[in-house]
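J.: how does the following fold in three dimensions:
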Amino acid sequence: MVRSAFLVSALILAAGCASAAAQTPPTSPPVAPSALPPHPPVEVFEVVNVFPHDPEAFTQGLIYVDGRMFESTGRYPSTVREVRLEDGEILARTTLDLSLFGEGLTEIEGRLYSLTWQGGQGFIWDRDDLTDPIGTFRYEGEGWGLTDNDDQLILSDGTPVIRFLDPETFEVTRQVTVTFRGQPVSRLNELEWVNGQILANIWLQDLIVRIDPETGDVVGVIDLTDVFPAAQRARPRDDVLNGIAWDEDGQRLFVTGKDWPHLFEIRLVPAEPAAP
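T.: Take a look at the predicted model:
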């Protein structure tokens with residue numbers, strides 16, 4: 001637990017402060033250590049099952065709904081696909097235009113919504129027919145991760161800000177800034193709504209943060225450093241943790257990464273308070 005607490009403090013705070021400094025000059029002095037909120041608890045995990053995963057799938061979005069797994073991939077070409085959990089077989093797949101870099105993915109009432117990175121363009125799909133999109137939508141800025149709370153789309157764009165969008169008009173209804181002990185957290189990537197919280201991968205870190213959707217506070221951290229060690233990855237710099245899927249009916253949590261040959265079902269070990 002000491003290792004996890006040190007890892008989280010060093011990496012998340014460094015990312016948040018660096019991002020804030022790069023985007024805008026500070027408007028107020030740094031928070032004094034004595035005034036920092038309590039350190040969120042750090043959770044570790046146990047692997048329950050290991051499933052095959054396409055080692056050429058640069059995972060950007062991952063969802064499990066009604067017993068089916070869907071995935072969006074990036075790079076060129078990018079894809080939206082349905083895969084069979086048990087053996088990783090691709091059951092259906094469509095390829096985006098070569099000018100578009102695919103990003104996050106989610107589902108509401110039988111419709112899949114997918115993002116693109118810098119195109120500002122999203123696609124709507126019939127989950128039972130991925131041949132062609134059934135609609136498109138636009139959003140400002142970049143698209144990174146996407147999830148939903150059944151009523152609204154929830155979008156990350158690499159900054160500390162998470163936006164909530166109406167799934168019919170795609171207007172921003174509200175937004176929150178994600179903070180860890182008072183500091184902004186950037187590089188929020190793949191998102192998943194799990195039991196009233198937002199889980200988010202942090203790009204380039206083997207960590208998932210639990211976010212209170214009302215306040216933006218990080219209320220917990222999941223340390224996945226050892227789920228698929230960097231030394232076993234073909235390209236450790238690029239093949240990073242990214243991909244969270246939640247089986248709401250079975251209360252199962254799945255994680256994978258970009259070009260990982262495995263998809264893991266994990267069970268979280270009850271959190272313990274982290275060191276101050």
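J.: contact partners for Asp54?
T.: Shown in contact with Asp54 (C-beta atoms under 8 Å, 6 or more residues apart in numbering): 83, 88, 90. C-betas here are computed from N, CA, C, even on glycine.
J.: could you pull out the helices for the stretch 151-276 of the chain?
T.: Counting by DSSP state H, counting those that start in this stretch, the stretch 151-276 of the chain has no helices at all.
J.: now the strands for it?
T.: Using DSSP state E, counting those that start in this stretch, the strands of the stretch 151-276 of the chain run over 153-156, 161-165, 172-177, 179-180, 183-184, 188-194, 197-202, 207-211, 218-223, 241-247, 252-257, 262-268.
J.: who does the fifth one pair up with?
T.: Neighbouring strands of strand 183-184 in its sheet, by DSSP bridges, are strand 179-180 (antiparallel).
J.: please apply the same query to the last one.
T.: Strand pairing for strand 262-268, determined by DSSP bridges: strand 45-52 (antiparallel), strand 252-257 (antiparallel).
J.: just the strands of the stretch 151-276 of the chain: most buried one?
T.: Of all the strands of the stretch 151-276 of the chain, strand 153-156 carries the top mean neighbour count, a mean of 27, counting by mean count of other C-beta atoms under 10 Å.
J.: so Met69 sits in a helix?
T.: No: read with DSSP: H, G, I helix; E, B strand; the rest coil, Met69 is strand and lies in no helix.
J.: I'd guessed it sits against Asp247; true?
T.: No: using C-beta atoms under 8 Å, Met69 is not in contact with Asp247; the gap is 9.3 Å.
J.: tell me where the model's unsure across the protein.
T.: 1-35, 271-276 (pLDDT under 70).
J.: how many neighbouring residues does the closest residue to Val269 other than its chain neighbours have?
T.: Residue nearest to Val269 in three dimensions, not counting chain neighbours: Val44, with 4.9 Å by C-beta to C-beta, 6 or more residues apart in numbering. For Val44, the neighbour count with other C-beta atoms under 10 Å is 19.
J.: with Arg84 instead?
T.: 13.
J.: and what of Asp166?
T.: Here the number of neighbours of Asp166 (other C-beta under 10 Å) works out to 12.
J.: ok, now Pro160?
T.: Residues within reach of Pro160, counting by other C-beta under 10 Å, total 23.
J.: go ahead and confirm it touches Val176.
T.: No: with contacts defined as C-beta under 8 Å, Pro160 does not count as touching Val176, sitting 9.1 Å away.
J.: any shared contact partners between the two?
T.: Contact criterion C-beta under 8 Å, 6+ apart; residues shared by Pro160 and Val176: Gly216.
J.: got the contact list for the residue nearest the centre of the chain?
T.: When C-alpha atoms, centre = their mean is applied to the chain, the residue found nearest the centroid is Glu190 (1.7 Å). By C-beta under 8 Å, 6+ apart, the contact set of Glu190 is 59-62, 104, 144-145, 200-201, 242-244.
J.: Leu62 now?
T.: Leu62 is in contact with 69-72, 105, 190, 192, 243-245, 254, 256, counting by C-beta under 8 Å, 6+ apart.
J.: how about a markdown table for those, with distance to Asp151 added?
T.: A markdown table is the format used below for those (distance: C-beta to C-beta, whole Å):
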| residue | distance to Asp151 |
| --- | --- |
| Met69 | 23 |
| Phe70 | 20 |
| Glu71 | 24 |
| Ser72 | 22 |
| Leu105 | 18 |
| Glu190 | 20 |
| Glu192 | 16 |
| Gly243 | 24 |
| Ile244 | 20 |
| Ala245 | 20 |
| Phe254 | 24 |
| Thr256 | 27 |
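J.: strands of the stretch 1-150 of the chain, start to end?
T.: Going by DSSP E, counting those that start in this stretch, the stretch 1-150 of the chain shows strands at 42-43, 45-52, 59-65, 68-73, 79-83, 90-95, 102-108, 111-116, 121-126, 135-138, 146-148.
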